[in-house]
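Visitor: turn this into a model:
(one chain, ligands or ions: 2)
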Amino acid sequence: MSLSRLNNPHLDTMTSDFLYHLNINVACSQNATDIEKQFGDIRVICTGGTQKRMKELAIYLRPILGIVDNREPVDLCESGQRYAVYKVGPVLCASHGVGSSTFSVVLHELLKLVRYAKCKDVVFLRIGTCGGVGVEPGTVIVTEKAYNGCLENVHEIPILGRRVVRPAFFAQDIVEGILGVGNQPNDGFKTIKANTMSTDCFYEGQGRTDGAVCEYSEDDKMKFLQKAHDLGIRNIEMEATMFSSLTRKADVKAGCICVALINRLNGDQVTITMEQKHEFEQRPFIIVGRYIRHLLK
Ligand SMILES: O=P(O)(O)O[C@H]1O[C@H](CO)[C@@H](O)[C@H]1O
Ligand SMILES: O=c1cc[nH]c(=O)[nH]1
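Guide: Ligands and ions are numbered 1, 2, ... in the order given. From the prediction side, this is the model:
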């Protein structure tokens, strides 16, 4: 898939497009644009909440991609002052902030960027953290279906004053491809496929009782988490419904790989040390590194 059209006829009439949050100006009318020269070789776009994680991922991927470079990765979108974007060979690593609203902004612009750059067969990945539901902390979860905070397998977004409901699931070949490179003998952690709940709120939306406001009991919370578990949900984060539905609408393959920082059936507070969190965050790197090698071979 060349991404030659995207799902927006208006783009075809534009002679230029300013990707505001990335601070990239695209002259759509030229044949061989600078954008094509700079980004045309991109095959994988890795995304994740923080700038630090994405910078570390860019460094981690260098040897896997056969790139010898000891310099600090350059943030190509630093001037935009919103998101960090690093390019490492045919892989772009971009930060997206917390939640679907910040992620959707950069996702729209990245989807347009790869379209203008005429990239081929691009796969978008989210490399994140999450709360586990009945899984050991440190487990890596590859999302199959994404559920919203009402435990519905859809992404809902108000558009032109209407509630628009879109399917939210990831392509099976991507899920199986990622899972296929997991669970190797010396990994020391499990990689599983499961359903994911994505919420618009870390506290009440995820059924925590430790937010600034809480109007339900511990028992209500446990019943809700059990209901989620019964739907095959094994992790909770804040982007998978939007990510799966928007990439699906744009006709682009995507995958979501998150490491569980806690087991929500045992509590709400994320109390692991920063060292432990950092070690856990490396686990999806290992899986994604193997998957990218497999994808590009
Ligand atoms: O670790 P990241 O990628 O930010 O993902 C998870 O962590 C954030 C909440 O702490 C949310 O964005 C959630 O989805
Ligand atoms: O519990 C958690 C942990 C990380 N990210 C989330 O969204 N929830």
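Visitor: ok, E239 to G89 distance?
Guide: To G89, E239 is 25 Å away according to CB to CB, to the nearest Å. C-betas here are computed from N, CA, C, even on glycine.
Visitor: which of the two has more neighbours?
Guide: E239 (30 against 19; other CB atoms under 10 Å).
Visitor: so how far is R264 from the more buried one?
Guide: 17 Å.
Visitor: now do the contacts for A171.
Guide: 253-255 (CB atoms under 8 Å, 6 or more residues apart in numbering).
Visitor: out of those, which are inside helices?
Guide: When DSSP state H is applied, the contacts of A171 are split such that none fall in helices.
Visitor: drop anything exposed from those residues.
Guide: 253-255 (16 or more other CB atoms under 10 Å).
Visitor: can you tell me which of those residues is nearest P63?
Guide: G255 (22.0 Å; CB to CB).
Visitor: is the closest one in a bridge, and if so with what?
Guide: Beta-bridge partners for G255, by DSSP bridges, are L125.
Visitor: which residues of the stretch 151-297 of the chain lie near ligand 2?
Guide: 202, 206, 236-238, 261-262, 270 (CB under 6 Å from any ligand atom).
Visitor: just flag the most distant two among the residues you listed.
Guide: Longest span within these, CB to CB: M238 and I262, 14.8 Å.
Visitor: so these two - more neighbours on which side?
Guide: Taking other CB under 10 Å, M238 and I262 do not tie; M238 has more neighbours (26 against 20).
Visitor: for that one, which residues are in contact?
Guide: Applying CB under 8 Å, 6+ apart, the residues near M238 are 98-100, 198-200, 202.
Visitor: would a markdown table of the contacts of A171 with pLDDT and distance to L125 be doable?
Guide: Formatted as a markdown table, these follow (pLDDT from 0 to 100; distance: CB to CB, whole Å):
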| residue | pLDDT | distance to L125 |
| --- | --- | --- |
| K253 | 97 | 10 |
| A254 | 98 | 7 |
| G255 | 98 | 5 |
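Visitor: closest to A94 among these?
Guide: A254 (13.2 Å).
Visitor: on the three-state scheme, V270 is what?
Guide: Secondary structure for V270, judged by DSSP: H, G, I helix; E, B strand; the rest coil, is coil.
Visitor: how about the contacts made by it?
Guide: Counted by CB under 8 Å, 6+ apart, V270 has contacts 131, 261-262.
Visitor: need the residues of the stretch 1-150 of the chain near ligand 1, please.
Guide: So the stretch 1-150 of the chain meets ligand 1 at 48-49, 98-99, 128-130 (CB under 6 Å from any ligand atom).
Visitor: again, only this time at 5 Å
Guide: Residues of the stretch 1-150 of the chain lying near ligand 1 by CB under 5 Å from any ligand atom: 48-49, 98, 128-129.
Visitor: closest to L151 out of those residues?
Guide: Among those, and counting by CB to CB, the member closest to L151 is G128, at 20.0 Å.
Visitor: specify the local secondary structure of that closest one.
Guide: Applying three-state DSSP: G128 is strand.
Visitor: my read: G40 touches A117, true?
Guide: Yes. The criterion here is CB atoms under 8 Å, and G40 meets it with A117 at 4.8 Å.
Visitor: in terms of neighbours, single out the busier of these two.
Guide: Per other CB under 10 Å, whichever of G40 and A117 has more neighbours is A117, with 21 against 16.
Visitor: quick one: residues contacting that one.
Guide: 33, 35-36, 38-40, 42.
Visitor: just the pLDDT for the closest residue to it other than its chain neighbours.
Guide: Of all residues not flanking A117 in the chain, F39 sits nearest, at 3.8 Å (CB to CB, 6 or more residues apart in numbering). pLDDT, F39: 97.
Visitor: next: M1.
Guide: So M1 comes in at 40 (pLDDT).
Visitor: just use 53 as the starting number from now, easier for me
Guide: Happy to do that; since the first residue is 53 now, the last one works out to M53.
Visitor: what's near enough to touch I116?
Guide: 341, 344-345.
Visitor: return the subset of those lying in helices.
Guide: Checked against DSSP H, the contacts of I116 include these in helices: 341, 344-345.
Visitor: filter these to the buried ones?
Guide: Here, 16+ other CB under 10 Å leaves 341, 344 buried among the ones in helices among the contacts of I116.
Visitor: and the residue of this structure nearest ligand 1?
Guide: G101 (2.0 Å; CB to the nearest ligand atom).
Visitor: check what pLDDT that residue gets.
Guide: 98.
Visitor: for it, give me phi and psi.
Guide: phi -60, psi -50 (degrees, to the nearest 10).
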